[in-house]
Every structure is written in C-alpha cells, then in structure tokens.
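*Asks:* Got a predicted model here, sequence first, then my questions.
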Amino acid sequence: MTEHEKKTIVIAAFGATHPKALGAISGMAEKVRKSFPELEVRIAFTSNIIRKIWHKRRTDKEFIAAYGDMLREFFYVKGPLATIADLQDEGFRTIIVQPTHIYAGEEFFDLVSYINGLNSIKTVKPKYLPFRKLVVGRPLLGMPGPLYDYHKDMIAVAKALAPDVELVRKDNAALVYMGHGNKFYSTGVYSEFQEVMRGMYPETPVFVGTVEGFPGLDIVMDGLVHIGADRVVLVPFMMVAGDHARNDMAGDRADSWKSVMCSRGIRVACVLRGLGERPGIQAIFIQHIREVAEDHSISL
C-alpha cells in the first residue's frame, strides 16, 4: 500500500478508568479490525482526566502486576489530536474518526471542532496537505442534519436493546437506563429516546435518566412511583460500565440509583454491561463507519 493509499480508523472514546469497563472499548476496536482488516485501527480517549490517570498507572507497580499484560495499550493512550498527528507522521493521509459517544453533545462537537480545525490547514502546494481525507462519523443516536435522519438511528439502537426488554419481561419489571448526560448541553435526546423505546415496546415500562442534566433521577423516580413499580432492572446507557455504572448506578452509597430505589421499597437488579459490549450496538457503529466512508468516497 502506497503512502497515498494508507488509511486508518480512529476509535474516539470518552474513556474509562475502571479496568473491567475497558472490555467495551477494546471489544469495539476488535470488531472494527475484523470488519476492516486492511485498515489500521487506533484507540483515542477524548477525556483529558482519564488519559492522565492511565499515564500515571505506567509507574503503579501494584496496578501493573494486576492488569499490566491485559491493559498495557491503555497506559499510553492519547487524545484524538495526538493520535491523528502520529498517524499523519506515519504516512496515513486518509483517516476516519469514529466517535463512540452516545449522542451529539459537548464531547462530540468538541471532537468535530478538532477535525474541522485540522481540515482548515492550507499549504502553498496542495501535495503537501497533511491529509487527503480526514472525516468523522456520527455518534450512536445520530446527529442533527439532513444527510441522515437521526430518528432512524434511534430506532436501530432501540432494536439492538431488545434483549433488555426480554430480560425485564421475565420478571415483570420496569427497565431503567442511566445515561451520563451533560450539565451545560441539552440532554433532551434521552427523553426522546425514551419515547422511541416506549413506542417500540409498549408492554414494558421504560425510563431513561441521566447522571447530569435532564431527566435526572428525580424524574425517573416520579415515573416509577406513578406506575407503582416494585421491580426494576437498572442498565447503564453508556458505552462502558465504568465508575458511573458501578458507583452512581449500582453502588451501595445512599445516593446511588439502586439505593434510592431500594429505599422506596423497589427491588432492583443491576446489569453491569456497557453498550459497547453488545454486538448489536457494535454493528451500528460499523454501519456509521461504512456510511461516512461512502459519503466521502473512501474505499474500505
């Protein structure tokens, strides 16, 4: 493959600090590698804080003894800008950046801003442009705009979550998803997705809440009390089942979602599995990669 033809895919994830949560990210990367075996695949973390934690772990002897062989690649994980710069320096001039963000929120639009900035580079001679094509795919629940109807992305995700509905039906329980959300950016997409789930599975009570932003736990609790729910299955609506899922959702602290629900007499079962571990969700991201490549005439 000539330098002009060298292509790569960057999996841009928010990241995770909990070792057991990283299987969702590495599993997603492995799925991409198997789907596009001719392309180089790299992982980047968009969270500055999470990257610094992993870099500090390089010298943590106890952590290395426990997880070193399994998680060594994450000790040196970089952000999207540094990852793209490395690839460009290695001769990759066609780069697809596929975010694993849930929706088009703050993290996603910051990533798009980085890509737009790099694409704004102009050289005197066109042959010295750093990239032939540098493009970014859309997040799980799609994004605003006329090219792809984000409602169809939501429907695809709802279909991929059918196993959750089957699980709660066996116990006659309500299904509650905990998303991350954002304090400073609209999180109405979670409420919209909740309605998509309810429309697709009308026999099952479905609630979608967020750790940050709207709808919060208080809104979810109001809904559960209103329907008289006595059983709930709690599921993270996040790519990884990391600290938020294990502490804010399923932890033993008095303010965790599980504890608050239990204090109201609701029996709670928790699923500690990130969306990125699910083959149906992985397939949606693979499709997003195929579509952004086709939109920009990139052969895979």
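*Replies:* All right, it came through fine. Note that the structure is a prediction, hence the values are computed from the model and not measured.

*Asks:* could you pull out the helices for the stretch 101-250 of the chain?
*Replies:* 106-119, 150-160, 162-171, 188-200, 217-227, 243 (DSSP state H, counting those that start in this stretch).

*Asks:* mean pLDDT lowest for which of those?
*Replies:* Looking at the helices of the stretch 101-250 of the chain, the lowest mean pLDDT belongs to helix 243 (a mean of 91).

*Asks:* packing partners for the helix or strand just after that one?
*Replies:* Following helix 243 in sequence order, the next helix or strand is helix 257-263 (DSSP states H and E). Contacts defined by 3 or more C-beta pairs under 8 Å, 6 or more residues apart in numbering; DSSP states H and E place helix 257-263 against helix 217-227, strand 231-236, strand 267-270. Heads up, the C-betas are built off the backbone N, CA and C, glycines and all.

*Asks:* same thing but 6 Å
*Replies:* Using 3 or more C-beta pairs under 6 Å, 6 or more residues apart in numbering; DSSP states H and E, the elements in contact with helix 257-263 are strand 267-270.

*Asks:* Which strands and helices lie in contact with the strand it packs on?
*Replies:* strand 231-236, helix 257-263.

*Asks:* care to break the protein down by domain?
*Replies:* 7-147+278-295, 153-274 (automatic domain parsing).

*Asks:* quick one: terminal-to-terminal distance for the first one?
*Replies:* It refers to domain 7-147+278-295. Length of domain 7-147+278-295, first residue to last, C-alpha to C-alpha, to the nearest Å: 16 Å.

*Asks:* show me where pLDDT drops low in the stretch 201-300 of the chain?
*Replies:* The stretch 201-300 of the chain contains no residues with pLDDT under 70.

*Asks:* wait, what's in contact with the closest residue to Arg267 other than its chain neighbours?
*Replies:* Leaving aside its chain neighbours, Arg267 sits nearest to Arg231 (4.9 Å; criterion: C-beta to C-beta, 6 or more residues apart in numbering). Contact partners of Arg231, counting by C-beta atoms under 6 Å, 6 or more residues apart in numbering, are Asp171, Ala173, Arg267.
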